[in-house]
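Colleague: just a sequence and a predicted model for now, questions to come.
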Amino acid sequence: MRDIRRVVVVGANGTMGSGAGALFAARGFEVAMLARTEDKAREGLARAKNAVRSDVIESHMSCGSYDEALDREVARADLVLEAVAEDLPTKNRYFDAIDGARRPGTVIATVSSGLSMAQMSAGRSDDFQRHFMGIHLFNPPHVIVGTELISGPNTDRELLQSIKSMLRKKLGRVVVECRDMPAFAGNRIGFKVLNECAQLAEKHGVAKVDYLIGPYTGRAMPPLATIDLVGFDVHKAIVDNVYANTRDEAHEAFAMPAYMSRLIALGHLGNKTSSGGFYRASKADKTVSTLRPASLDHATDTAFDKVGFIEEMKLLHHVGRYADAMELLLAAHGPEADLVRRVVFGYVSYALSRVGPTEVAADVTVVDQIMGWGFNWAPPSVLVDLCGRKQVVQAMNELGLKVPAVVQDLPDGQKLSGQHSNIGRYFVAK
């Protein structure tokens, strides 16, 4: 295992930079937090302490500005973790500075959620390229342990495995290796579903979509509430990247809804702004209002009728009858049932179709682990096993969805997922 002791976080004042700093410092690494100014870096340190609810980590952390400390700290670092804005020209400016200041052998990693490793490392020194990789942490990293590890075109393979071992053993990560493709595996799959739900909200309403595709379908949070947590700006960066750089069977699902772009222009970014996103909380009277996409305003009166099969599924989840709940979904009638099946089995179809020799994931375990440990969603293979292969194939055919080869070729009676216990953590009975 590579001996990593000193870590430099570039972009330490951001959400991921401060979270990454907290993660490493809490495990005893010496962490230098760098930002445009020292005050900004200290803001990142404060966020890091607040994230882990501990002042103890400060003894392992220092702060500085790029102008005064970057060259010095990078020259001493074992690992430099880049966490600046998700924008290739911006990242390249910092990589230029890092490449000029680093010692030979220093590991350089980006926490990018989906930009190209090849483009970020192109034109840099040979030693930089051999020691460059993606370490995509999921937010908040001290809670979400799923991590994607992505090789650049010239990354030293032994080094990659050494960093993988370090992430697992010293930081408690669940690590999957992904190929260098837009948004990698987790965000490619997850944001397809999230953006699809944002598109559906134009017709069905925000609250109704979050109810139809709620936690009972195998996810920690409703999809539109998840986008509010992530931020509209981050969501746009991810789906725009996939839409521009891929042409797969779900291409149109990545088209950013126009109403969301208009809200971004108005400063509505989700939970990070007081104007909210899909939901807006009032500090004055503690009420929550819901976005109306057509008018771009928020309203408190968004009542709708509950759906019978959904309420029954929740009851079955409550007593651990997960397979019976999925059987109910397969058999349900009506437009709401059709919509839920299209999103749920669309997720399974798209995720498992990303497995293969030319796809982002080499095997099923990659997509299962990153969706389970990165998104806290039921892994696609778990849903196949709960429903049964034949039933899944039939549902996909009826919905006009692609049947992934790993499902089509699964022998009768064989489980696709390696998970046979504790699957109840994915299904929330609410």
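Modeller: The structure has been received and is ready for your questions. Fair warning: this is a prediction, and the values are worked out from it, not measured in the lab.
Colleague: which residue lies nearest the spatial centre of the protein?
Modeller: Residue closest to the average C-alpha location in the chain (Cα atoms, centre = their mean): Asn187, at 4.8 Å.
Colleague: Leu200 against Val209, yeah?
Modeller: Yes. Here Leu200 reaches Val209: they are 5.1 Å apart, a contact under Cβ atoms under 8 Å. All C-beta spots, glycine's among them, are computed from the backbone N, C-alpha and C.
Colleague: quick one: the helices in the stretch 251-400 of the chain, in order.
Modeller: 258-265, 308-318, 322-331, 335-352, 364-373, 380-387, 389-399 (DSSP state H, counting those that start in this stretch).
Colleague: so which of Leu200 and Val209 has more stuff around it?
Modeller: Legend: neighbour count by other Cβ atoms under 10 Å for Leu200 and Val209, higher for Val209 (24 against 21).
Colleague: contacting residues for that one?
Modeller: Shown in contact with Val209 (Cβ atoms under 8 Å, 6 or more residues apart in numbering): 197, 200-201, 222-224.
Colleague: next one: Leu328 from Asn245, what distance?
Modeller: 39 Å (Cβ to Cβ, to the nearest Å).
Colleague: ok, those two, which is more surrounded?
Modeller: Comparing Leu328 with Asn245 by other Cβ under 10 Å, the one with more neighbours is Leu328, at 18 against 14.
Colleague: residue contacts, that one?
Modeller: 309, 312-313, 316.
Colleague: how about a cut-off of 10 Å?
Modeller: For Leu328, the contact set (Cβ atoms under 10 Å, 6 or more residues apart in numbering) comprises 308-310, 312-313, 315-316, 321, 337.
Colleague: ranking the residues you listed by neighbours, who comes first?
Modeller: With neighbours taken as other Cβ under 10 Å, the top of the contacts of Leu328 is Met313, carrying 25 neighbours.
Colleague: name the nearest residue to that residue, ignoring sequence neighbours.
Modeller: Among residues not flanking Met313 along the chain, Ala325 sits closest, at 4.3 Å (Cβ to Cβ, 6 or more residues apart in numbering).
Colleague: my read: that neighbour touches Ala331, true?
Modeller: No. Counting by Cβ atoms under 10 Å, Ala331 is not a contact partner of Ala325; they are 11.0 Å apart.
Colleague: who's more crowded, those two?
Modeller: Using other Cβ under 10 Å, the more surrounded residue of Ala325 and Ala331 is Ala325, with 25 against 10.
Colleague: any figure for the gap between the more buried one and Tyr350?
Modeller: Distance, Ala325 to Tyr350, by Cβ to Cβ: 22 Å.
Colleague: do the same with Glu398
Modeller: 17 Å.
Colleague: okay, these two: which has more neighbours?
Modeller: Shown here are Glu398 and Tyr350; by other Cβ under 10 Å, Tyr350 has more neighbours (23 against 12).
Colleague: and the gap between the more buried one and Phe138?
Modeller: For Tyr350 relative to Phe138 (Cβ to Cβ), the value is 19 Å.
Colleague: all strands of this protein, in order?
Modeller: Applying DSSP state E to the chain gives strands spanning 6-10, 30-35, 61-65, 79-82, 107-110, 132-137, 146-151, 174-178, 279-281, 288-292, 297-299.
Colleague: low-scoring pLDDT stretches of the chain, where are they?
Modeller: Along the chain, the model assigns pLDDT under 70 to residues 419-421, 430.
Colleague: quick check: domain ranges of it?
Modeller: 6-178, 186-426 (automatic domain parsing).
Colleague: now the first one: how far from the chain's centre is it?
Modeller: I take that to be domain 6-178. From the chain centre to the centre of domain 6-178 is a distance of 17 Å (Cα atoms, centre = their mean, to the nearest Å).
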